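What shape does this take:
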Amino acid sequence: MATTTIEAYMKTLLTTVTLALAAVAAQAHGDHAASAPTAVKKEQKAWGISGDRRKAQRTVEIRMSDDMRFTPSRIDVRQGETVRLVLRNTGTVLHELVIGTPQELEAHAALMLKFPGMEHDEPYMAHVKPGQKGEIVWTFNRAGEFDFACLIAGHFQAGMRGKIVVRAR
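Okay, here's the model as predicted:
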C-alpha cells in the first residue's frame, strides 16, 4: 500500500471507531436519560448538596446543543441558594450536564474516553435524550467557582462546558 492509501485507511478507521464509541456512549446513558433518581443521595460536595425541588428559589433553563455548547454557559448564584436547573436538549444526540470542580470533571471526562459505556447516576448530573428535558435541583451552599460539562466521550473535549459562580453571603 502506498503511504496515502494507508493514511486514508487510518482516517476511515478512526472515524468508524469514533462513531462506534459515540453510539455505545449514547446507549449506556440511554436508560438514565431525563430520569430523576428515586432516592436522592444527600452527599456534601465541594460545590454543594442535592436540593429539594419544593424549596428551589428559582429555575434556570440551560439548552444543550449539537454545536457542543450550553446556553447560558455561565450561571451566577448566591451561597445557600437552591436552584432548579431545567436542561433542554435541542440537539439530535444524547447530552448530559454534570456539575463539579474542574479537576473532577477533567478526570471523569478522561475516564469516559477510555470507557465510553460507563454508567453513572448522581444527583448532580442529568442525561437528556434529544428533544427531551431533564433537571437537577441543587443547593449551592459553598462559595466559589465550579464547572458543569457534558462528559459524553468527545463532547467535553469539543468544549461543552460552563461555569457556575457562587457568590458568598
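
so what's the residue most central in space within the chain up against?
The residue at the geometric middle of the chain, judged as the C-alpha nearest the mean C-alpha position with Cα atoms, centre = their mean, is Leu97 (2.4 Å). Taking Cβ atoms under 8 Å, 6 or more residues apart in numbering, we find Leu97 in contact with 62, 64, 70, 85, 87, 125-126, 128, 134, 136, 148-150. From N, CA and C alone the C-beta is placed, and that goes for glycine too.

farthest-separated two in the residues you listed?
Farthest-apart pair in these is Gly134 and Ala149; separation 15.0 Å (Cβ to Cβ).

Which strand residues bridge the residue nearest to the centre of the chain?
Assessed by DSSP bridges, Leu97 has beta-bridge partners Ala126.

pLDDT at it, what is it?
Note on Leu97: pLDDT of 97.

Nearest spatial neighbour of Thr92, chain-adjacent residues omitted?
In space, and not counting its chain neighbours, Thr92 is closest to Pro130: 5.0 Å by Cβ to Cβ, 6 or more residues apart in numbering.

sorry, back to before: so can I have JSON lines of the contacts of Leu97 showing pLDDT and distance to Ala158?
Listed next are the contacts of Leu97 as JSON lines, based on pLDDT from 0 to 100; distance: Cβ to Cβ, whole Å:
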{"residue": "Ile62", "pLDDT": "98", "distance to Ala158": "17"}
{"residue": "Met64", "pLDDT": "98", "distance to Ala158": "12"}
{"residue": "Phe70", "pLDDT": "98", "distance to Ala158": "12"}
{"residue": "Leu85", "pLDDT": "98", "distance to Ala158": "21"}
{"residue": "Leu87", "pLDDT": "98", "distance to Ala158": "18"}
{"residue": "Met125", "pLDDT": "96", "distance to Ala158": "18"}
{"residue": "Ala126", "pLDDT": "96", "distance to Ala158": "19"}
{"residue": "Val128", "pLDDT": "97", "distance to Ala158": "17"}
{"residue": "Gly134", "pLDDT": "97", "distance to Ala158": "20"}
{"residue": "Ile136", "pLDDT": "98", "distance to Ala158": "22"}
{"residue": "Phe148", "pLDDT": "98", "distance to Ala158": "15"}
{"residue": "Ala149", "pLDDT": "98", "distance to Ala158": "11"}
{"residue": "Cys150", "pLDDT": "97", "distance to Ala158": "9"}
